[in-house]
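[1] this one's structure only:
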């Protein structure tokens, strides 16, 4: 089925470890986004990519990096994981001005 | 810039009662507005969206919301709650045009509990 695919679905990291969250969409959308969800805080934008070849910081970018590898893929990297990065991460892509599609999320725990 | 405030982090209703979840927004231009629902351990599902057409928007599962510019509100309602409506609900806003790059700004979420 067409949509946004996130991998992995679950991950446990030790403090200081690194990892990359993968996101791919097969809908030919130009814009892609990474959000994190924390209890009582809704979803907050980490980074976004308005189009292939561009990335920019969102509301909470510290501790993260991103790569827009091509039009389909937008990855999120934690270089040195911290317990404060324990969260659920959602990737999304956008069609036109108001057609968003979200992935099913990655639940990350940093111990 | 845009922002969203959801009034009430927890709302509890009885089955069959009216559901009212409140959302107020701040925006420099007429916005697009969204309501999403999230069931436990699942992703986000779009309930409805306002995109500057009709101010009363009907969504899935019997939900609707009314855009009121004068009150900067986009409250979500359902006439009769069902047990299956228990979930967390998020209001979100984005700005039309290119300057905001389609960034969605979310409210803090409201957890809806439905009692038998």
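    All right, it came through fine. Computed from a prediction, not measured in an experiment: that's the story for all the values here. Residues are numbered from 1 along each chain as shown, chains lettered A, B, ... in the order given.

[2] quick check: closest non-adjacent residue to the one residue in chain A that gets nearest to chain B.
    Closest contact between chain A and chain B, by C-beta to the nearest C-beta, is at residue A:42 (3.8 Å). C-betas here are computed from N, CA, C, even on glycine. In space, and not counting its chain neighbours, residue A:42 is closest to residue B:106: 3.8 Å by C-beta to C-beta, 6 or more residues apart in numbering or on different chains.

[3] partners of that neighbour in the sheet?
    residue B:92 (DSSP bridges).

[4] cool, and residue A:87?
    Beta-bridge partners recorded for residue A:87 (DSSP bridges): residue A:108.

[5] roughly how far does it sit from residue A:60?
    Noted for residue A:87: a distance of 10 Å to residue A:60, by C-beta to C-beta, to the nearest Å.

[6] need the overlap of contacts for those two.
    residue A:36 (C-beta atoms under 8 Å, 6 or more residues apart in numbering or on different chains).

[7] higher neighbour count, the two?
    residue A:87 (22 against 18; other C-beta atoms under 10 Å in any protein chain shown).

[8] I figured that one hits residue A:37, correct?
    Yes. In terms of C-beta atoms under 8 Å, residue A:87 counts as a neighbour of residue A:37; the distance is 6.3 Å.

[9] mind checking pLDDT for residue B:99?
    Looking at residue B:99, its pLDDT is 64.

[10] just residue A:97 next, same as before
    72.

[11] cool, and residue B:69?
    Per-residue pLDDT puts residue B:69 at 92.

[12] not counting sequence-adjacent ones, nearest residue to it?
    Residue B:69 sits nearest to residue B:30 (C-beta to C-beta, 6+ apart), 7.4 Å away.

[13] and the one you found, what element?
    Under DSSP states H and E, no helix or strand contains residue B:30.

[14] now the strands: where do they sit in chain A?
    A:4-7, A:10-13, A:19-25, A:31-37, A:43-49, A:56-57, A:64-68, A:74-78, A:87-95, A:99-102, A:106-110 (DSSP state E).

[15] what is the distance between the third one and the centre of its chain?
    Centroid separation between strand A:19-25 and its chain, computed with C-alpha atoms, centre = their mean, to the nearest Å, is 7 Å.

[16] can stretch A:58-65 be found next to chain B?
    Yes. Counting by C-beta under 8 Å from any C-beta of the partner chain, chain B is contacted by stretch A:58-65 at residue A:58.

[17] hang on, the residue nearest to residue A:42 packs against residue B:94?
    No. Residue B:106 lies out of contact with residue B:94 (C-beta under 8 Å); the separation is 10.2 Å.
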